[in-house]
Every structure is written in structure tokens, then in C-alpha cells.
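Chemist: Need a 3D model of the sequence below.
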Amino acid sequence: MTLAPLPVPTRLTHGEGIDNYASRHAQRNGTTVEQIEKALREAGILPPSRSRRHPERIQAWKQLGKLDGRAFDQRSTLHGHPILERALCLRCAAGTQRVGRTLTVGWVCIAHRRWIGHNQLDIRALPELLAAERHFRSTLVSRGAHVGTPVMVTARECARAGITLSTLEERTTRAGTYDPEMLTYPETIKIARLITQTSFKNWFHDPAHPPEQQRDRMAREIASSIIPTGENRRLRSAERIEKALRKLSRLGINWMT
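Modeler: Down below sits the predicted model:
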């Protein structure tokens, strides 16, 4: 059975989940999700199941919103790793709070030049974050990385440990705020691109290289990638990165999975 769409249309934001959309769409039409779904169950259109991801529920809301057939086609995991459900860009969402899962978007909305982490911030003064996001989308997505995978967690922690204080202070001045995850995003992406290279991973998969040797090489190569000049600075950075890698290992975070 095909349902007629509700009278007042509601625009779906890219990546928005069904629960968020259904709530907004019902509200714009002067009702609630509960009232609509109760009526659909009583009419035999929806099954008794209360599963939020039931195929018939998804199909019903697609029709009620007159949405494209690909709407809400969101995986909750990728390669065994959960895909984060997170806040979407407020500018994309016309100023309203919306949540969803977006595999192909990192922590930057390129269209609106905004950081879309815990705090959403204008990053027009930090063009290197836009460049990093383009690398995330063009390279890391095709390598199976998304914002919640171990490789991105590892890269983030190594970036925070390895970045120089002068770089952090200079970006803080331009940004007008201190958000370490945002300020180290260019290094995070650079590190993630490095450690997801096939040749790099193949070396680490070789059982001939013990864990201590692996951590030492990884720390040195990461430091060299984010600090292009200054041998002493690279050595100090590598020491901090190696400590971060030891901590990640103790927590059971394996970036090669």
C-alpha cells in the first residue's frame, strides 16, 4: 500500500536518521510520531513490532515524507566498527538540531566552512582544515575509514601528542578558541593517510617485527610527517607519540583492524 505524503513537506538533511526526521516531520504537521504510527498499526499498515529500523516503518516514513528511495539507507557498522550517530551541520540543517550517520563526511562541513564536532565553529580562518577534509573524503573514505574507526582514533591521539606547541598556539590565535581535536585535524588526517598506506600496513603485519620495533618506527614516521623540519623537535614529538601508542595498546585499540 502506498501512503499519501503528509500535507506539510519536511526537507531531509544529508545523513539524517529516521527518528530525527520522523519527529520533525510529524511536528511540522501538528502531530507526533506516536500518534501517526499508532494510526498506521491500527490500520494494519505497520506491523506490531516497535523496532525503529523495521523495513516497513522505514518505508512508511519515506512515503509520508515523499522521500527518495535511498533515504535512511544507513548502516550502523562498517567492517565491524560502529558508525557514530552525531550532530549534523547546523547550517545544513537550517539552524535546527539534527542527528544522523554520515560515512563520507569527516568533522568539517566544506559547504559552510564549519567544524561539526562537539562544538560547531566557523573555520574560515583555518583553511588547512578544509584541505584536510578534502583528503579525508578523497582518500580515507575509499580506504574504509570513517570518524569512529580505530585508525582515526589512533591518528587523533598521535596528532594531539605530536603536534608542536607553536603550531597549536598559532592556530588557536586564528581560530579564537581552543579545541584540540579541531586544531589538530590537519595532522590527524595526515597521520591517518600515512598509516593506511598498503606498504605501511604490510610492514606492520610482518611477524618478524616485534611490537617495540613497530611502535618506534611508527612514532618516528608520524613525527616526520607532521614536523617537516627540526630534528630535535621531531625526536621529542616521536617520544610523545610513542607514549600515546603505548596507551592505545593498553586500551586495546588496534589501528590495523
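
Chemist: Would you mind confirming that P150 is in contact with I253?
Modeler: Yes. The pair formed by P150 and I253 meets the contact definition of C-beta atoms under 8 Å, at 5.2 Å. Placement of C-beta: from N, CA and C, glycine included.

Chemist: burial of V33, as a residue count?
Modeler: 17 (other C-beta atoms under 10 Å).

Chemist: so who does it touch?
Modeler: Residues near V33 by C-beta atoms under 8 Å, 6 or more residues apart in numbering: D19, A22, S23, A26.

Chemist: Just confirm the second one is within a helix.
Modeler: To tie it back to what came earlier, the one meant is A22. Yes. Counting by DSSP: H, G, I helix; E, B strand; the rest coil, A22 is part of a helix.

Chemist: now it: how far from I36?
Modeler: 8 Å (C-beta to C-beta, to the nearest Å).

Chemist: In terms of neighbours, single out the busier of these two.
Modeler: Taking other C-beta under 10 Å, A22 and I36 do not tie; A22 has more neighbours (23 against 19).

Chemist: so the more buried one touches I58, yeah?
Modeler: No. Taking C-beta under 8 Å as the definition, A22 is not a contact partner of I58, at 9.8 Å.

Chemist: Report the residue spans of the stretch 1-150 of the chain with pLDDT below the cut-off.
Modeler: 73-74 (pLDDT under 70).

Chemist: Keeping just the C-alphas, turn the host helix or strand of R233 into CSV.
Modeler: For R233, the host element (DSSP states H and E) is helix 231-250. The C-alpha coordinates for helix 231-250 follow below in CSV (Å, rounded to 0.1, in the frame of the first residue of the first chain):
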residue,chain,number,x,y,z
GLU,A,231,65.5,17.0,14.1
ASN,A,232,65.3,17.7,17.8
ARG,A,233,61.6,18.7,17.5
ARG,A,234,60.9,15.5,15.6
LEU,A,235,62.6,13.4,18.2
ARG,A,236,60.7,15.0,21.1
SER,A,237,57.5,14.6,19.1
ALA,A,238,58.3,10.9,18.4
GLU,A,239,58.8,10.3,22.1
ARG,A,240,55.3,11.7,22.9
ILE,A,241,53.7,9.8,20.1
GLU,A,242,55.2,6.5,21.3
LYS,A,243,53.7,7.1,24.7
ALA,A,244,50.4,7.7,23.1
LEU,A,245,50.7,4.5,21.1
ARG,A,246,51.5,2.5,24.3
LYS,A,247,48.4,4.0,25.9
LEU,A,248,46.2,3.0,23.0
SER,A,249,47.7,-0.5,23.1
ARG,A,250,46.8,-0.8,26.8
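
Chemist: Which strands and helices lie in contact with that helix?
Modeler: Secondary-structure packing of helix 231-250 (3 or more C-beta pairs under 8 Å, 6 or more residues apart in numbering; DSSP states H and E): helix 150-162, helix 211-226.
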